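Q: 3D model of this:
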Amino acid sequence: MLLRTLQLFGFKNHEDLRLEFQPGINAITGDNGSGKTNVLDALFFLSNGKSFFNSIDSQLVKHGSEFFSIHGWLDNEIDILIQFDPNRKKTIKRNGKAYKRLVDHIGFLQTVFITPYDIALVNEGSEERRRFVDYTLCQTSAAYLTALSQYKKALDTRNALLKANEGRRLDPLLLEAYDEKLAGPGSILAQLRREFSQEFLPLLQEVWGHLFEQSEHLSWQYQTQWNGTGSYLDFLRMAHADDLRASRSTVGIHKDDWIMELNGHSLKRLGSQGQIKSAVIAIKLAQFAYFQKHTQQTPLLLLDDIFEKIDKQRADALIAWVSNGRIPQIFITDTHYERIRSHTESMGLALTQHHLKNLHV
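A: Here you go, the predicted structure:
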């Protein structure tokens, strides 16, 4: 799907902004503080019903405004309207009809957002990588989205029970009742994550080989406490003693991680900054390929300040991958239009500039 028009009211630093987009490359330019990244975040919000950077909607309302709205018009006569008023519920409408549940919007339109902050995928803890996998699978699997919601609720209640009984005896039958609520969605998530990891690795290696050093081998390995043998319920029961001592759930798929290695060595510990940035770009483009494969449509590709943060070699490799008609619409932010033009003029795609005036937040 192509995005034709974006209208923002009271979103972050944009009081009233309307942009008309074209197929090809849409260059969003302006000085620092003009709200370039906020436009990309609005596109992400349009797709996911939440901000890429801030989970608290009330903090996204422009100072002095009473609400914000994000309205996007796509091809095929589809429009999406998101409205948030701190005194009311957030609403998401498609073609004028509100979703009964906001979660029902997830998966309709995918976005891949490449930002300078993505190195957290490698450098930070396992929560960052779980968030990446959860986001990817929630966009493509209703079963995963449902199981993840159920698992989080069950885990929260189980941990609250363990915390409330800290230092006191807990009826094992009561704890097992909570185990049963956790086991069903936990086993589903574990299976779907295992299948995803097996499918994602070849996509990642294909992108890596196309973009960067083919002599270097990049791996993506699923690391989980439960190997899939026996029942997930028995797996939880075996940890009861540790859970009681720690007053929290010490085992489960909420501890999952994905280990990245380059030529058999830890990318996080031994990889150079250049190698880490290259790996992150490859991971995001493999996500793009995964979305295309499973949805049969092309996601929105959002590139935030990418030419400022990576060297020319990696920037050229990125542009080479997205060229040749692979992606019909791309959104790129930069302070300098000429820098975007110099990197993209050989792509054969139309280049349209949207210059933002400097605004005060």
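
Q: residue 94 contacts residue 80, doesn't it?
A: Yes. The pair residue 94 / residue 80 is scored as a contact, 5.6 Å apart, by Cβ atoms under 8 Å. For every residue, glycine as well, the C-beta is placed using N, CA and C.

Q: which residue ranges make up each domain of this structure?
A: Structural domains assigned to the chain are 1-110+297-361, 123-296, following automatic domain parsing.

Q: out of the ones you listed, the one nearest residue 117 is which?
A: Nearest to residue 117, of all the domains of the chain, is domain 1-110+297-361, at 8.2 Å by Cβ to Cβ.

Q: I'd like the domains of the chain laid out as a markdown table, including mean neighbour count.
A: As requested, these are exported to a markdown table (neighbours: other Cβ atoms under 10 Å):
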| stretch | mean neighbour count |
| --- | --- |
| domain 1-110+297-361 | 17 |
| domain 123-296 | 17 |
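
Q: wait, what's in contact with residue 55?
A: By Cβ atoms under 8 Å, 6 or more residues apart in numbering, residue 55 lies in contact with nothing.

Q: list the helices and strands whichever helix or strand residue 342 is part of packs on?
A: Using DSSP states H and E, residue 342 maps to helix 337-344. Judged by 3 or more Cβ pairs under 8 Å, 6 or more residues apart in numbering; DSSP states H and E, the packing partners of helix 337-344 are strand 24-29, helix 306-309, helix 312-322, strand 329-334, strand 351-355.

Q: any chance of those in CSV, plus distance to residue 240?
A: Formatted as CSV, the helices and strands packed on helix 337-344 follow (distance: least, Cβ to Cβ, whole Å):
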stretch, distance to residue 240
strand 24-29, 54
helix 306-309, 47
helix 312-322, 49
strand 329-334, 50
strand 351-355, 58
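
Q: including distance to residue 70 and mean pLDDT, could the ones you listed go into TSV?
A: Below are the helices and strands packed on helix 337-344 laid out as TSV (distance: least, Cβ to Cβ, whole Å; pLDDT from 0 to 100):
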stretch	distance to residue 70	mean pLDDT
strand 24-29	15	93
helix 306-309	23	79
helix 312-322	25	79
strand 329-334	14	93
strand 351-355	16	92
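
Q: which stretch among these comes nearest residue 133?
A: Using Cβ to Cβ, the helices and strands packed on helix 337-344 put helix 312-322 closest to residue 133, at 21.8 Å.

Q: what's the angle between the closest one and strand 24-29?
A: 140 degrees (axes from the mean of the first three to the mean of the last three Cα atoms, to 10 degrees).

Q: doesn't residue 283 lie inside a helix?
A: Yes. Membership of residue 283 in a helix is supported by DSSP: H, G, I helix; E, B strand; the rest coil.

Q: pull the CA atoms of stretch 15-29 into PDB?
A: Taking Å, rounded to 0.1, in the frame of the first residue of the first chain, the C-alpha atoms of stretch 15-29 are listed here in PDB:
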ATOM      1  CA  GLU A  15       0.000  22.000  15.500                       C
ATOM      2  CA  ASP A  16      -1.400  21.600  12.000                       C
ATOM      3  CA  LEU A  17       0.600  19.800   9.300                       C
ATOM      4  CA  ARG A  18      -0.600  18.300   6.000                       C
ATOM      5  CA  LEU A  19       1.800  16.400   3.700                       C
ATOM      6  CA  GLU A  20       1.100  15.000   0.300                       C
ATOM      7  CA  PHE A  21       3.300  12.000  -0.500                       C
ATOM      8  CA  GLN A  22       4.300  10.400  -3.800                       C
ATOM      9  CA  PRO A  23       5.500   7.000  -4.900                       C
ATOM     10  CA  GLY A  24       9.300   6.700  -4.700                       C
ATOM     11  CA  ILE A  25      11.400   8.500  -2.200                       C
ATOM     12  CA  ASN A  26       9.900  11.100   0.100                       C
ATOM     13  CA  ALA A  27      12.600  13.300   1.600                       C
ATOM     14  CA  ILE A  28      11.500  15.100   4.800                       C
ATOM     15  CA  THR A  29      14.000  17.800   5.400                       C
END
